[in-house]
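Student: sequence? don't have it. structure:
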């Protein structure tokens, strides 16, 4: 059956694949026929994701993207790929007057520098060839909206969206497409830390026209669109996936 969203014959590298959107993306890509190379810091959780993948030929690489040596390890162990999903992320809530250099560098390192440098090294080592697709997981926070205490995260994600547009132009001659998804609030285990109460979540949900938060799989499906031939004429796009939140 003809399916323009098929990933048959493609190898996709997914970072941050041990949980949340990254985990859902790795699993959904495997369902669409891709061979998946998945990376993450937590070996136990990464193995759980690996065990849920469909098909054969997948590869698991335990690595910390905030470490330059680990980025090089990923590039060395990774086979030639058709798609890269930069999904690993970190959020630290602090108001502007409490920002420190260390905290800012910590967030920027994981959310902005690491994915950019991973992409750069894959290109340099010719692991990401022509007709490839790169997808970044950004956020509506930063490029579209602001939030109290969210200044470091928002800054890191706004930088990603700016990078996407410029990199898309740089790589157009190689027919490598670069895009980003910008989700609103997605139901992941990010709430387990207890930084946001159930009451706060309930109030926040009321602001969404669809009256719910997104599911990791719903973001994964948008990422699959960017990875597949269905989006072969789409590059430099920051796609908002927020249940209508930013319409208001």
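Tutor: Perfect, I can see it now. Model, not experiment: these values are computed from the prediction.
Student: residue contacts, the residue nearest to the spatial centre of the chain?
Tutor: Residue closest to the average C-alpha location in the chain (CA atoms, centre = their mean): residue 87, at 2.4 Å. Residue 87 makes contacts with 14-17, 21-22, 25, 137, as judged by CB atoms under 8 Å, 6 or more residues apart in numbering. For glycine as for every other residue, the C-beta is placed from the backbone atoms N, C-alpha and C.
Student: can you give me the helices in this protein?
Tutor: 20-31, 43-51, 68-77, 101-108, 114-124, 151-171, 198-205, 216-227 (DSSP state H).
Student: So which bits of the longest strand along the chain are buried?
Tutor: Using DSSP state E, we find that the single longest strand of the chain is strand 128-137. For strand 128-137, the neighbour count (16 or more other CB atoms under 10 Å) marks 128, 132-137 as buried.
Student: What is the nearest of these to residue 119?
Tutor: Residue 119 has its nearest neighbour among the buried residues of strand 128-137 in residue 134, at 5.8 Å by CB to CB.
Student: Identify the residue nearest residue 25 in space, chain neighbours excluded?
Tutor: Among residues not flanking residue 25 along the chain, residue 220 sits closest, at 4.2 Å (CB to CB, 6 or more residues apart in numbering).
Student: you'd agree that neighbour is up against residue 21?
Tutor: Yes - contact criterion CB atoms under 8 Å: residue 220 and residue 21 qualify, at 6.6 Å.
Student: what mean pLDDT does stretch 211-218 have?
Tutor: For stretch 211-218, mean pLDDT rounds to 96.
Student: gap between it and the chain center?
Tutor: A distance of 15 Å separates the centroid of the chain from that of stretch 211-218, by CA atoms, centre = their mean, to the nearest Å.
Student: where does this protein have its least confident helix or strand?
Tutor: Taking mean pLDDT, DSSP states H and E as the measure, helix 198-205 is the helix or strand of the chain with the lowest mean score, a mean of 86.
Student: What count of nearby residues applies to residue 105?
Tutor: Other residues near residue 105 come to 13 when the count uses other CB atoms under 10 Å.
Student: Tell me where the model's unsure across this structure.
Tutor: Low-confidence segments of the chain (pLDDT under 70): 189-195.
Student: since we're on the closest residue to residue 23 other than its chain neighbours, how many residues are nearby?
Tutor: Sequence neighbours aside, residue 49 is the residue nearest to residue 23 in space, at 4.8 Å (criterion: CB to CB, 6+ apart). Residue 49: 25 surrounding residues under other CB under 10 Å.
Student: And the one 3 residues further on, by the same measure?
Tutor: In terms of burial, residue 52 registers 13 neighbours under the definition other CB under 10 Å.
Student: With residue 165 instead?
Tutor: For residue 165, the neighbour count with other CB under 10 Å is 15.
Student: Would you mind measuring from residue 64 to residue 47?
Tutor: 16 Å (CB to CB, to the nearest Å).
Student: typed the wrong thing, it's residue 113
Tutor: Residue 113 sits 27 Å away from residue 47 when distances are taken as CB to CB.
Student: Regarding residue 215, what are the backbone dihedral angles?
Tutor: phi -110, psi 150 (degrees, to the nearest 10).
Student: I'd say it and residue 187 touch.
Tutor: Yes - the pair residue 215 / residue 187 is scored as a contact, 5.9 Å apart, by CB under 8 Å.
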